[in-house]
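A.B. asks: take this sequence and fold it.
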Amino acid sequence: MEPVEALHEIARLLERERASRYRAKAFRAAADAYAGLSDDARRDRARIRATAGIGASTFAVIDQALDGAVPDYLVELRGAVEPERTSALRARLRGDLHAHTDWSDGATSIEEMADAARDLGHDYLAITDHSPRLRVARGLTAERLRAQIPLVRGAGDATLVMLTGIEVDILEDGALDQDDALLAELDVVVASAHSKLRMDSAPMTRRLVAAVGNPRVNVLGHVTGRLVQGERGTRPPSTFDARTVFDACAEHGVAVELNSRPERQDPPDELIALALEAGCLFSIDSDAHAPGQLSLLDHGAERAERAGIPPARIVTTWGLERLRRWLD
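C.D. replies: Residues are numbered from 1 along each chain as shown. Prediction:
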């Protein structure tokens, strides 16, 4: 096993289990440091050990890989991290419409997210970093978003189409937190509420209905905002008239996101049933903030399959040509 391959696999496994981003970052940094060495230096263990960015733990991985072994730590993680869940629906997913990079609160570059999507066999990946109001997540100003657009498109190739996008914040009155003309330039707009999640039901309903009625919106992200587990603790779902919101989604052709992050499981099962009854489309997305989290689509696929959502109503099972027609 090549050292860089081992270090990257460790990072992705740590990311899949939502470990501290700093742990995964250390292994990615070591992979970059090792790859930057000359051929001679990559065979000199003393020089490797003395290289900035390579510590004791990451050197142990490199050392064992150079000996032709699968590193002990990688073996340990392969056994400890829950493997990807297989399902007929997961095999039908063609891409992902909700992912973040280090332009906002993601852990890695656009290119690293693209590489991970290729490894998973995606046909397309949308980069949807946050909008300006979410300052804690380094939301993108209009200027930064305009600068990002060509870089996202440039990260694609013949095997993977990179879609430009944004996870735009839904403001308290249902308006969107970005210039309308700029939203029109993007391939994908995911609209999500991140603040005032405890609003009374009536104003929250009006807020969400106004957002999905905006012709720029393609996907309604993590609709209740709930957290059911994880290091951030738990958070109750927002309250709103779900049938009214989902009727609006169906009317405007906006997909309801099945957020695949295990700590969200959003929407709850009973709301998935309501959205299904209302005739909504769905988008199974990872909401990945690191390359290893792109594989979390298996969780969303499992929930969708259990809920009985027809694959034809899941936009992320569609090929690129049909997807683009819907996005347009």
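A.B. asks: for this structure, which segments count as helices?
C.D. replies: Using DSSP state H, the helices assigned to the chain run over residues 3-16, 21-35, 45-49, 56-66, 72-80, 88-92, 110-119, 142-154, 180-185, 201-212, 242-252, 269-278, 297-307, 320-327.
A.B. asks: need the winner for burial among these.
C.D. replies: For those, the largest average neighbour count (mean count of other C-beta atoms under 10 Å) is found in helix 3-16, namely a mean of 23. C-beta coordinates here come from the backbone N, C-alpha and C atoms, glycine included.
A.B. asks: helices or strands next to that one in the packing?
C.D. replies: helix 21-35, helix 56-66, helix 72-80 (3 or more C-beta pairs under 8 Å, 6 or more residues apart in numbering; DSSP states H and E).
A.B. asks: how much space between residue 34 and residue 239?
C.D. replies: Distance, residue 34 to residue 239, using C-beta to C-beta, to the nearest Å: 51 Å.
A.B. asks: kindly report the same for residue 213.
C.D. replies: Distance from residue 213 to residue 239, by C-beta to C-beta: 20 Å.
A.B. asks: how about residue 311?
C.D. replies: 31 Å.
A.B. asks: what sits against residue 225?
C.D. replies: 192-194, 197, 235, 237-238, 266 (C-beta atoms under 8 Å, 6 or more residues apart in numbering).
A.B. asks: repeat that with 10 Å
C.D. replies: 192-198, 204, 235-238, 259, 264, 266 (C-beta atoms under 10 Å, 6 or more residues apart in numbering).
A.B. asks: about what we covered before: for the helices and strands packed on helix 3-16, which one sits closest to residue 323?
C.D. replies: Among the helices and strands packed on helix 3-16, the nearest to residue 323 by C-beta to C-beta is helix 21-35 (30.0 Å).
A.B. asks: now the closest one: mean pLDDT?
C.D. replies: Confidence over helix 21-35 (mean pLDDT, whole number) is 96.
A.B. asks: pull the CA atoms of it into CSV?
C.D. replies: Listed next in CSV are the C-alpha coordinates belonging to helix 21-35 (Å, rounded to 0.1, in the frame of the first residue of the first chain):
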residue,chain,number,x,y,z
ARG,A,21,-11.8,17.5,11.8
TYR,A,22,-8.3,18.2,13.1
ARG,A,23,-7.5,14.4,13.3
ALA,A,24,-8.4,13.9,9.7
LYS,A,25,-6.7,17.2,8.7
ALA,A,26,-3.4,15.9,10.3
PHE,A,27,-3.4,12.8,8.0
ARG,A,28,-4.2,14.9,4.9
ALA,A,29,-1.4,17.3,5.8
ALA,A,30,1.0,14.4,6.2
ALA,A,31,-0.1,13.0,2.8
ASP,A,32,0.6,16.3,1.2
ALA,A,33,4.0,16.7,3.0
TYR,A,34,5.1,13.2,2.0
ALA,A,35,3.9,13.6,-1.6
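A.B. asks: list the helices and strands that helix packs on?
C.D. replies: Applying 3 or more C-beta pairs under 10 Å, 6 or more residues apart in numbering; DSSP states H and E, we find helix 21-35 packed against helix 3-16, helix 45-49, helix 56-66.
A.B. asks: just the contacts of residue 225 now: which is nearest residue 223?
C.D. replies: Looking across those and measuring by C-beta to C-beta, the closest to residue 223 is residue 266, at 6.4 Å.
A.B. asks: in the sheet, who's paired with that closest one?
C.D. replies: Counting by DSSP bridges, residue 266 is bridged to residue 259.
A.B. asks: ok, residue 283 next?
C.D. replies: Bridge pairing for residue 283 - DSSP bridges - gives residue 257.
A.B. asks: was I right to think it contacts residue 314?
C.D. replies: Yes. Counting by C-beta atoms under 10 Å, residue 283 touches residue 314, with 7.1 Å between them.
A.B. asks: more neighbours, those two?
C.D. replies: residue 283 (28 against 22; other C-beta atoms under 10 Å).
A.B. asks: could you tell me which of the contacts of residue 225 are located in strands?
C.D. replies: Those of the contacts of residue 225 mapping onto strands are 192, 259, per DSSP state E.
A.B. asks: filter the contacts of residue 225 to the buried ones?
C.D. replies: 192-194, 204, 237-238, 259, 264, 266 (16 or more other C-beta atoms under 10 Å).
A.B. asks: mind putting these into JSON lines with pLDDT and distance to residue 225?
C.D. replies: Formatted as JSON lines, the buried ones among the contacts of residue 225 follow (pLDDT from 0 to 100; distance: C-beta to C-beta, whole Å):
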{"residue": "192", "pLDDT": "98", "distance to residue 225": "8"}
{"residue": "193", "pLDDT": "98", "distance to residue 225": "6"}
{"residue": "194", "pLDDT": "96", "distance to residue 225": "7"}
{"residue": "204", "pLDDT": "98", "distance to residue 225": "10"}
{"residue": "237", "pLDDT": "98", "distance to residue 225": "7"}
{"residue": "238", "pLDDT": "98", "distance to residue 225": "5"}
{"residue": "259", "pLDDT": "98", "distance to residue 225": "10"}
{"residue": "264", "pLDDT": "97", "distance to residue 225": "8"}
{"residue": "266", "pLDDT": "98", "distance to residue 225": "7"}
